[in-house]
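Novice: Have a look; sequence and predicted model below, questions after that.
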Amino acid sequence: MDLFRPDAPWPTVARQTRVFKIGPGFASQGREEDLRQLFANLRERHIALALEIGMLSISDHCREKTEAYGEPGLVEHILLRIKRLGGNLDYLAMDEPFYYGHQYAGPDACKLPAAQLAQDIAPNIVTARRIFPGVKIGDVEVVYYSTDFVDATQEWVDAFAKSTGTPLAFFHADESWSPQAMRNLVPLAGFLKRRHVRFGVIYNAGPQGTSDASWAQAAIRHADAAETELGLHPDDALFQTWEKFPTRVLPETASDTLTHIALRYLQPRTSLTSRRDGTQLVGRLIDLDGAPVANVAILFSTIGDTQDDATVQQRISGRVPASAHAAVLAIRANRELNCATCAGAVTARLGSALYSEGSDNVRRFPPSRVDVTAVQSVATNSPQFPVQPGASFTFEIPLAVSTQAERAGSVGVLFVDAAGHEVQRRMISLEPTELILGAAQTDADGRFSYTLSNTFAGGAKPTIRARFTGNERLRGASVLLPPQG
């Protein structure tokens, strides 16, 4: 609750914050004195209050137990508690009703059409407007690699407006941050603009956040890439985490806190241009007034290059399932896919992999390679090795991947029971890897030049990213240079 002290160390971000969002857990179970303090402090700071909550109710035709669904009467109970404790709810964000009601594929999934979901959600919309007549109701939905789901989401936006009589007040993207998922933001933003619906992006780290520092760096990088590489201009920028990182919200001046990510976003924007001239990368960095940005580093990296020995270390961790007896290292390409359109060509170098349960059960696996066309496939398992049910495990592997099909391949650990039947798999997607090339310094006119190594002199030229990471004075910017044949 330190965030809601009058002297809390986030003065700059607080002055620029328009809305603060809470979740259903705190709204329904938080201490009354804490909620009263939050509501009072937000009023003093002229910050609006928002609630994100599952607005679908469990019913006879859908008994799904996900974050989008709750017991009948739960929404009303929480809204009445907010009102009783002095909160004035300005915004209500529905927690991914279309993804969980339509796309979700869990064992209790309902997979309902957009029109049915809109009808199911309408009674709770009426309840919300009865308790808080002026509340603005919008939606938070997953945006991931599926272009089909983006198209279906547009149908959902129209179905909601038709069923409830009012269009969404806003639509906020819960982005998964893969290259294709990011590209899907562009048509979605254009559609919402045509529908006069406010568009926002939740800037977080995704799977790249494994510590406070890496989470903050990834979130900042995602915001910069979305708005400079893609040219997006979202109406709303959200900074939100439901993971264990970052562990601190304050102070805004510390580089690994949630408020610092927002502070960096508020810095003046920059514009980066670059082009490839043979083996030279040249370009310029300027601020919004057109003035050169001098004496800063421009970083260069390749996307999806597998030609040299460089790799990116990937890591997953978790707990061994209680029913697991053994495990295998599993490699898949164009087999056992999660969607009908996921197949594609994949080239990947897989370095020496490591599975460990602390220091007691350590397994090493030799390097391998995947090289398939869109009509070929790979499905290999290592020999089984014993695991300890309930133990914490870590799986690490260095990768270099080139593919345009982000879910066509994967590598990871497949747990089996005593009969050899699969009980769980934890996989790392074989997505295009980003490998650092080097850096150049801008001169007094903001210009820079970088010479590529001889490996780029002949053959295919991979996609290259040029990036200014930003600093305490300026926001970062990046640009993608497409591959050359």
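Specialist: Arrived safely. Numbering: from 1, shown residues only.

Novice: T253 and A262, how far apart?
Specialist: 12 Å (C-beta to C-beta, to the nearest Å). Placement of C-beta: from N, CA and C, glycine included.

Novice: Please say which of these two ends up with more neighbours.
Specialist: A262 (23 against 14; other C-beta atoms under 10 Å).

Novice: That one: helix or strand, and which one exactly?
Specialist: helix 258-265 (DSSP states H and E).

Novice: now swap in L480 and tell me
Specialist: strand 477-481.

Novice: Which of the residues in that strand are classified as buried?
Specialist: A477, S478, V479, L480, L481 (16 or more other C-beta atoms under 10 Å).

Novice: Which strands or helices does that strand pack on?
Specialist: helix 212-228, strand 270-277, strand 280-287, strand 463-468 (3 or more C-beta pairs under 8 Å, 6 or more residues apart in numbering; DSSP states H and E).

Novice: quick one: contacts of that strand?
Specialist: Outside strand 477-481, the residues that touch it by C-beta atoms under 8 Å, 6 or more residues apart in numbering are 221, 224-225, 228-229, 269-276, 281, 283, 285, 303, 463-468, 470.

Novice: Can I have the buried ones of the residues you listed as a PyMOL selection?
Specialist: Buried subset of the contacts of strand 477-481, written as a PyMOL selection, criterion 16+ other C-beta under 10 Å:
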select buried, resi 221+224+225+228+229+270+271+272+274+276+281+283+285+303+463+464+465+466+467+468+470
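
Novice: just checking, V13 touches E252?
Specialist: Yes: the pair V13 / E252 is scored as a contact, 5.1 Å apart, by C-beta atoms under 8 Å.

Novice: Could you pull up phi and psi at the closest residue to F385 other than its chain neighbours?
Specialist: Residue nearest to F385 in three dimensions, not counting chain neighbours: R363, with 5.2 Å by C-beta to C-beta, 6 or more residues apart in numbering. Here is the backbone geometry of R363 (degrees, to the nearest 10): phi -130, psi 130.

Novice: R363 touches S356, doesn't it?
Specialist: Yes: using C-beta under 8 Å, R363 makes contact with S356 at a distance of 7.4 Å.

Novice: Quick one: the buried residues of strand 477-481 as CSV, columns for distance to Y104 and pLDDT too.
Specialist: As requested, the buried residues of strand 477-481 are exported to CSV (distance: C-beta to C-beta, whole Å; pLDDT from 0 to 100):
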residue, distance to Y104, pLDDT
A477, 36, 99
S478, 33, 98
V479, 36, 98
L480, 32, 96
L481, 38, 95
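
Novice: what's the closest of those to V401?
Specialist: L480 (17.0 Å; C-beta to C-beta).

Novice: give me the beta-bridge partners of that closest one?
Specialist: R465 (DSSP bridges).

Novice: how's the protein carved up into domains?
Specialist: The chain is divided into the following domains under the TED database: 2-266, 276-303+437-481, 312-429.

Novice: centre of the chain versus the second one, how much separation?
Specialist: So that's domain 276-303+437-481. 25 Å (C-alpha atoms, centre = their mean, to the nearest Å).

Novice: same deal with the longest one?
Specialist: Chain-centre distance of domain 2-266: 13 Å, with C-alpha atoms, centre = their mean.

Novice: end-to-end on it?
Specialist: Between the opening and closing residues of domain 2-266 lies a distance of 22 Å (C-alpha to C-alpha, to the nearest Å).

Novice: average pLDDT across it?
Specialist: Here domain 2-266 scores 97 as its mean pLDDT.

Novice: Helices of the protein, residue ranges please.
Specialist: 11-16, 24-29, 32-45, 74-84, 97-98, 114-131, 147-164, 179-183, 185-194, 212-228, 258-265 (DSSP state H).

Novice: what's the closest of the ones you listed to Q240?
Specialist: helix 258-265 (8.4 Å).

Novice: Show residues contacting that closest one.
Specialist: 10, 12-13, 16-17, 203, 216, 219-220, 223, 237, 239, 241, 246, 248-254, 470, 475.

Novice: what angle separates it from helix 212-228?
Specialist: With axes from the mean of the first three to the mean of the last three C-alpha atoms, to 10 degrees applied, the angle from helix 258-265 to helix 212-228 works out at 30 degrees.

Novice: Quick one: low-confidence residue ranges for the stretch 301-450 of the chain.
Specialist: The model of the stretch 301-450 of the chain has pLDDT under 70 over residues 339-341.

Novice: same thing but at 90, please
Specialist: 304-310, 337-343, 358-360, 403-407, 431 (pLDDT under 90).

Novice: Nearest to M427, out of the helices and strands packed on strand 477-481?
Specialist: helix 212-228 (20.4 Å).

Novice: Which of the residues in the closest one are classified as buried?
Specialist: In helix 212-228, counting by 16+ other C-beta under 10 Å, buried: 212, 215-228.

Novice: wait, which of these is closest to E76?
Specialist: Using C-beta to C-beta, the buried residues of helix 212-228 come closest to E76 at A219, 34.5 Å.

Novice: In this structure that closest one contacts D212, no?
Specialist: No: the pair A219 and D212 does not pass the contact test of C-beta under 8 Å, sitting 11.0 Å apart.

Novice: What residue in this protein is the furthest from its centre?
Specialist: Distance from the C-alpha centroid of the chain, by C-alpha atoms, centre = their mean, peaks at A419 (37.1 Å).

Novice: quick one: it and H325, what's the gap?
Specialist: Distance from A419 to H325, by C-beta to C-beta: 8 Å.

Novice: try T247
Specialist: 35 Å.

Novice: more neighbours, the two?
Specialist: H325 (18 against 12).

Novice: I'd like to know the phi and psi angles of the more buried one, please.
Specialist: phi -110, psi -30.

Novice: neighbours around the closest residue in space to it that isn't next to it in sequence, how many?
Specialist: The shortest distance from H325 to any non-neighbouring residue, by C-beta to C-beta, 6+ apart, is to A418 (4.3 Å). As a burial measure, A418 scores 9 neighbours (other C-beta under 10 Å).

Novice: Quick check: A418 touching Q384?
Specialist: No: the criterion here is C-beta under 8 Å, and A418 misses it with Q384 at 10.8 Å.

Novice: Could you dump the helices of the chain into CSV with distance to L437 added?
Specialist: CSV is the format used below for the helices of the chain (distance: least, C-beta to C-beta, whole Å):
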stretch, distance to L437
helix 11-16, 34
helix 24-29, 44
helix 32-45, 45
helix 74-84, 51
helix 97-98, 40
helix 114-131, 45
helix 147-164, 30
helix 179-183, 18
helix 185-194, 26
helix 212-228, 16
helix 258-265, 24
